[in-house]
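Q: Here is a sequence with its predicted model. Questions after.
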Amino acid sequence: MASVASMLGMPVVFADNFPKDMTPVAFLNTDFSIGLPGKSDKLTVLNDRPVNAETAPHYLDDDLTPNDLFFVRNNGIPPSKINKDTWTLRIEGESAQKSKTYTLAELKNKFKQYTYNITLECGGNGRSEFNPPAKGNQWSTGAVGCAAWTGVRLADVLQDVGINRDAVYIGYYGEDMHLSGDPKKDAISRGVPIKKAMEEESLIAWSMNGEDLPLLNGYPLRLVFGGYPASCSGKWLSKIVIRNQVHDGQKMTGQAYRVPCKPVAPGTKVADADMCIIERMPVKSLITYPKTGATIRLNQSLPIRGKAWSAAKAIQSMDYSIDFGKTWQSCILESGANKFAWQKFSAQIKFPEAGYYEVWARATDSDGDTQPIILPGWNPKGYLNNACHRIAIKVEA
Ligand SMILES: Nc1nc2c(c(=O)[nH]1)N[C@H]1C(S)=C(S)[C@@H](COP(=O)(O)O)O[C@H]1N2
Ligand SMILES: [Mo]
């Protein structure tokens with residue numbers, strides 16, 4: 001209800017009475033929807049407190065995901081009343097040589113600007129398929145998108161401040177509010193190893209596809225890290241700490257964004273000490289055309305299109321199967337704009353006779369990692385599901 005109020009700019013008069021687990025009609029995809037600011041009503045809204053919305057595969061068919069179709073994963077309540085002229089980013093921490101504060105204008109003027117196409121995917125994307133189920137947003141396949149992000153290199157800014165030799169990690173802080181409304185609590189404060197922070201594609205970005213970031217994607221400033229869970233890409237960014245230990249902010253510790261260090265049987269309870277931080281998103285792909293359930297005639301061939309991505313240097317090959325994985329044919333695979341950009345694939349499929357088929361798609365990356373056909377390793381929080389995407393096709397005589 002706090003989200004409804006902030007988005008409508010008016011109070012929800014009887015907010016206290018609203019049942020906890022119910023979604024306000026205003027957020028449902030109906031004719032009466034006020035929608036999410038800057039977002040298409042084609043997004044599937046999973047939750048309103050905090051706001052979480054995903055993109056169906058057939059809406060990810062653009063080369064770059066349009067801003068209004070880019071998924072939203074909030075852990076708290078986004079800031080309201082943002083003034084980008086007075087917004088600042090502070091860099092400090094045990095392993096920073098000094099503390100420094102930059103305005104947006106200073107970031108833009110002082111450092112070289114870069115644009116990279118980078119795929120962001122929530123670590124919990126695909127969670128809804130795990131059994132026994134994992135608590136958390138029941139993402140289907142749509143907590144992913146690829147945009148052209150413009151900003152400055154995080155490395156350049158960190159170097160301007162000065163990094164001590166003992167630096168091991170960076171952590172971020174954003175201006176969103178903890179769900180409890182307690183200003184002393186952070187909604188989320190994660191980070192990455194210093195080595196990742198220093199990579200050339202690691203950005204502090206203010207622009208997405210040539211426009212200001214949408215409010216829900218972190219306006220006016222955010223981090224962007226490809227190949228890592230998107231939870232590392234801090235939104236509404238106001239502070240970065242250079243740490244001499246692994247950052248221990250909100251959702252860095254315990255079981256959050258961690259998987260068992262060694263595989264476990266489904267349903268196993270795993271002690272915190274045996275959970276390891278996710279530092280790599282797995283190879284994955286989506287068929288973005290046609291929409292599942294398409295019907296064609298036997299004498300037609302079916303064009304398919306999609307996207308593939310991984311934390312590795314590149315996707316090396318892309319295959320499809322129409323016989324439930326017995327045989328695989330290769331797709332045409334295009335190269336990506338840069339590391340961490342998703343890559344387009346396509347194929348023309350002929351079917352042998354009329355009937356029900358599934359098209360399965362499987363990507364293999366330059367590290368030789370490939371997608372599993374069935375659900376990969378169960379884990380308590382339901383992360384890293386990179387099973388092959390499947391669509392249903394009816395072929396009529
Ligand atoms: N400040 C802040 N940064 C954040 C979050 C958040 O709730 N607050 N969510 C994280 C998570 S879990 C994900 S998956 C990505 C989602 O980015 P998007 O909403 O722009 O798609 O942002 C990350 N950065
Ligand atoms: Mo996430």
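A: All right, it came through fine. Ligands and ions are numbered 1, 2, ... in the order given.

Q: CA-only coordinates of stretch 171-183 in CSV, if you can.
A: Written as CSV, here are the backbone C-alpha positions of stretch 171-183 (Å, rounded to 0.1, in the frame of the first residue of the first chain):
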residue,chain,number,x,y,z
GLY,A,171,29.6,-3.0,-1.0
TYR,A,172,26.8,-0.7,-2.1
TYR,A,173,24.1,1.3,-0.3
GLY,A,174,21.0,2.6,-2.0
GLU,A,175,18.3,5.1,-1.0
ASP,A,176,15.4,2.7,-1.0
MET,A,177,13.7,2.0,2.3
HIS,A,178,13.5,-1.2,4.3
LEU,A,179,10.0,-2.7,4.1
SER,A,180,9.6,-2.1,7.8
GLY,A,181,10.1,1.6,7.2
ASP,A,182,12.9,1.5,9.8
PRO,A,183,15.5,4.1,8.5
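
Q: Buried ones in it, by neighbour count?
A: 171-178 (16 or more other Cβ atoms under 10 Å). Heads up, the C-betas are built off the backbone N, CA and C, glycines and all.

Q: For T253, the count of nearby residues, please.
A: 15 (other Cβ atoms under 10 Å).

Q: and what of K184?
A: Counted with other Cβ under 10 Å, K184 comes out at 6.

Q: Repeat that for V12.
A: V12: 16 neighbours (other Cβ under 10 Å).

Q: Which of the buried residues of stretch 171-183 sits closest to L36?
A: Taking Cβ to Cβ as the measure, L36 sits nearest to D176 out of these, at 14.8 Å.

Q: Quick check, that closest one in contact with S80.
A: No - if you go by Cβ atoms under 8 Å, D176 and S80 don't touch, sitting 10.2 Å apart.

Q: For the chain, which residues score under the pLDDT cut-off?
A: Within the chain, the segments meeting pLDDT under 70 span 7, 28-34.

Q: Quick one: residues contacting I204.
A: 89, 107, 151-154, 157, 221-224, 237 (Cβ atoms under 8 Å, 6 or more residues apart in numbering).

Q: Quick check: nearest residue in space to the residue of the stretch 101-250 of the chain found nearest ligand 1, chain neighbours excluded?
A: Ligand 1 sits closest to G174 of the stretch 101-250 of the chain, with a gap of 2.7 Å, by Cβ to the nearest ligand atom. Closest residue to G174 apart from its sequence neighbours, by Cβ to Cβ, 6 or more residues apart in numbering: W236 at 4.0 Å.

Q: measure the one you found to E396 for me?
A: Remark: distance between W236 and E396 (Cβ to Cβ, to the nearest Å) = 51 Å.

Q: so what's the most centrally placed residue in the chain up against?
A: Centroid check for the chain by Cα atoms, centre = their mean gives E121 as the closest residue, at 2.7 Å. Going by Cβ under 8 Å, 6+ apart, E121 touches 143-144, 229-230, 281, 284, 309.

Q: ok, now with 6 Å
A: 144, 230, 281 (Cβ atoms under 6 Å, 6 or more residues apart in numbering).

Q: quick check, nearest of those residues to ligand 2?
A: Of all these, A230 has the smallest distance to ligand 2: 5.1 Å, by Cβ to the ion.

Q: so what's that closest one closest to, chain neighbours aside?
A: Here the residue nearest A230, using Cβ to Cβ, 6+ apart, is L120, at 4.1 Å.

Q: Which residues of the stretch 151-300 of the chain lie near ligand 1?
A: 174, 176, 187-188, 217-218, 230-231, 233-236 (Cβ under 6 Å from any ligand atom).

Q: Could you report the separation of the closest residue to K84 other than its chain neighbours from ligand 2?
A: Excluding the flanking residues, the one nearest K84 by Cβ to Cβ, 6+ apart is P220, at 4.1 Å. Separation of P220 from ligand 2 (Cβ to the ion, to the nearest Å) stands at 21 Å.

Q: Then S285?
A: 19 Å.

Q: Also T292?
A: 24 Å.

Q: State the three-state secondary structure for that residue.
A: Secondary structure assignment for T292 (DSSP: H, G, I helix; E, B strand; the rest coil): coil.

Q: more crowded one of W236 and E396?
A: Each of W236 and E396 has its neighbours counted (other Cβ under 10 Å); W236 has more, 25 against 10.
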